[in-house]
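Colleague: Model the structure of this input:
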Amino acid sequence: MTTPPSAHHPTGAHPTHGPARTARAHSFNAAAAQYAANRPSYPPALFDAMEDLTGRPLTGTRVADIGAGTGIATALLHARGANVIAVEPGDGMAAQFRRTLPGVPIIRGTGDDLPLTDDSVDLVTYAQAWHWTDPARAVPEALRVLRPGGALALWWNTDALDVPWIAEAAARTERHFRIDVSAEKRNVNARAADPTGLLDFTRRTVRWSRRVPVDIHLANIGSHSVFLTHDPERTTAFLAAEREHLLRTFPDGVVEEVYEVVLLLAETPA
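Modeller: Prediction:
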C-alpha cells in the first residue's frame, strides 16, 4: 500500500515547509536500496496515455525526469526511446540511480531551481515527486525549461481503495499513523498541483496490479517516508502485525497490490 508523504496532504497537495517535511524528504536517502528493490513500477498504459495526450511518441523526445530517485520512471522513459536526463537532490538516491542506470545522465538539483537551460526539453516529468516541490517555484521553472509545445507530466501510484483488503489495510495505517490515506486521490488534482493556475491539466487514470511476495509488499510500504521517519520500534511492530493480517488474506504469501496511477499533464503553448 502506498503511504503518503504528508500526514495531511499525502500526494497532490503540498505539505507545509518545515523540519518535519524536510526530514521526510531526506529520509529516502538512507533507504535507497530498499526503495529501488521493492517499490512498484508503472504500467505501459501510463506512457501510452502521455503519448496520446501530447500527440507525439516518447522516442526521441528530450525528457527531464525530476526527483528521479533511484530511476524507476527514468528507466521506463529511457526504454521507450526518450532521451532522458535525470535531476535528483538526494545523495543516497542519486548513488543508487548511478548503480542502476550508469548510462543515463543525472545531475543534482530540485524542481524549485532546475539546473537546466531555458527551452531545453520537450517533456518534464515528476513520478511520485511533485509533492516535494513548492509549486509557486516549480511551475515557473518547468515552463522556463520547456520548449514551446512541450508538456509537464505529473503522476502518482495511488491505492485502489475499492479493493476490500486494501481499504482495510489503509484503515489500519490511518489509525496507527493518524493520516488520511483516502486524501491521496482527493488531493491529486489540478488546483492542488498548480495553485498558480498557470497550467491547464488533463487527468488520466490507469489501473494496474502486481503480485509480489509478502516480504516485498512490506518492504515497499516500509520504504515510504511516514514509516522511515516514525519510531522504529512502533514501525516494526506495525509491520509485524500487518504481516499477520496479510497472511490471513493471502495464505500463499503472495500479495496482489492494486494501483491506480493518476496522471496530470499540461502542455505549453506552441
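Colleague: Next, the buried residues of stretch 192-205.
Modeller: 192-194, 199, 201, 204 (16 or more other C-beta atoms under 10 Å). In this view, the C-beta of every residue, glycine as well, is placed from N, C-alpha and C.
Colleague: Check the secondary structure at residue 148 for me.
Modeller: Under DSSP: H, G, I helix; E, B strand; the rest coil, the three-state class of residue 148 is strand.
Colleague: returning to what we had before: I'd like the buried residues of stretch 192-205 laid out as a markdown table, including pLDDT.
Modeller: Converted to a markdown table, the buried residues of stretch 192-205 look like this (pLDDT from 0 to 100):
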| residue | pLDDT |
| --- | --- |
| 192 | 85 |
| 193 | 90 |
| 194 | 92 |
| 199 | 93 |
| 201 | 96 |
| 204 | 96 |
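Colleague: where in the stretch 1-150 of the chain is pLDDT low?
Modeller: Applying pLDDT under 70 to the stretch 1-150 of the chain flags residues 1-33, 35.
Colleague: For this structure, which segments count as helices?
Modeller: 19-27, 32-38, 44-54, 72-79, 91-100, 135-145, 164-177, 183-186, 190-193, 214-222, 225-228, 232-249 (DSSP state H).
Colleague: nearest to residue 156, of these?
Modeller: helix 183-186 (7.4 Å; C-beta to C-beta).
Colleague: Let me have the helices of the chain in JSON lines, extended by distance to residue 112.
Modeller: Below are these laid out as JSON lines (distance: least, C-beta to C-beta, whole Å):
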{"stretch": "helix 19-27", "distance to residue 112": "12"}
{"stretch": "helix 32-38", "distance to residue 112": "21"}
{"stretch": "helix 44-54", "distance to residue 112": "23"}
{"stretch": "helix 72-79", "distance to residue 112": "19"}
{"stretch": "helix 91-100", "distance to residue 112": "17"}
{"stretch": "helix 135-145", "distance to residue 112": "4"}
{"stretch": "helix 164-177", "distance to residue 112": "27"}
{"stretch": "helix 183-186", "distance to residue 112": "23"}
{"stretch": "helix 190-193", "distance to residue 112": "15"}
{"stretch": "helix 214-222", "distance to residue 112": "28"}
{"stretch": "helix 225-228", "distance to residue 112": "18"}
{"stretch": "helix 232-249", "distance to residue 112": "30"}
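Colleague: Ok, which of these comes nearest residue 85?
Modeller: Using C-beta to C-beta, those put helix 72-79 closest to residue 85, at 9.0 Å.
Colleague: for the residue nearest to residue 130 when sequence neighbours are not counted, what are its contacts?
Modeller: Nearest residue to residue 130, sequence neighbours excluded (C-beta to C-beta, 6 or more residues apart in numbering): residue 154, at 4.5 Å. Residues counted as contacts of residue 154 (C-beta atoms under 8 Å, 6 or more residues apart in numbering) are 125-126, 130, 193, 263-265.
Colleague: Verify the stated contact: residue 130 with residue 194.
Modeller: No - Residue 130 is beyond contact range of residue 194, at 9.5 Å (criterion: C-beta atoms under 8 Å).
Colleague: What residues of stretch 112-129 count as buried?
Modeller: 112, 114, 116, 121-129.
Colleague: I meant to write stretch 164-179 there.
Modeller: For stretch 164-179, using 16+ other C-beta under 10 Å, the buried residues are 165-166, 169-170, 173, 176-177, 179.
Colleague: and residue 250, how many neighbours?
Modeller: 16 (other C-beta atoms under 10 Å).
Colleague: Look up the closest residue to it, ignoring the ones flanking it.
Modeller: residue 214 (6.7 Å).
Colleague: count of residues packed around that neighbour?
Modeller: Neighbour number of residue 214 under other C-beta under 10 Å is 17.
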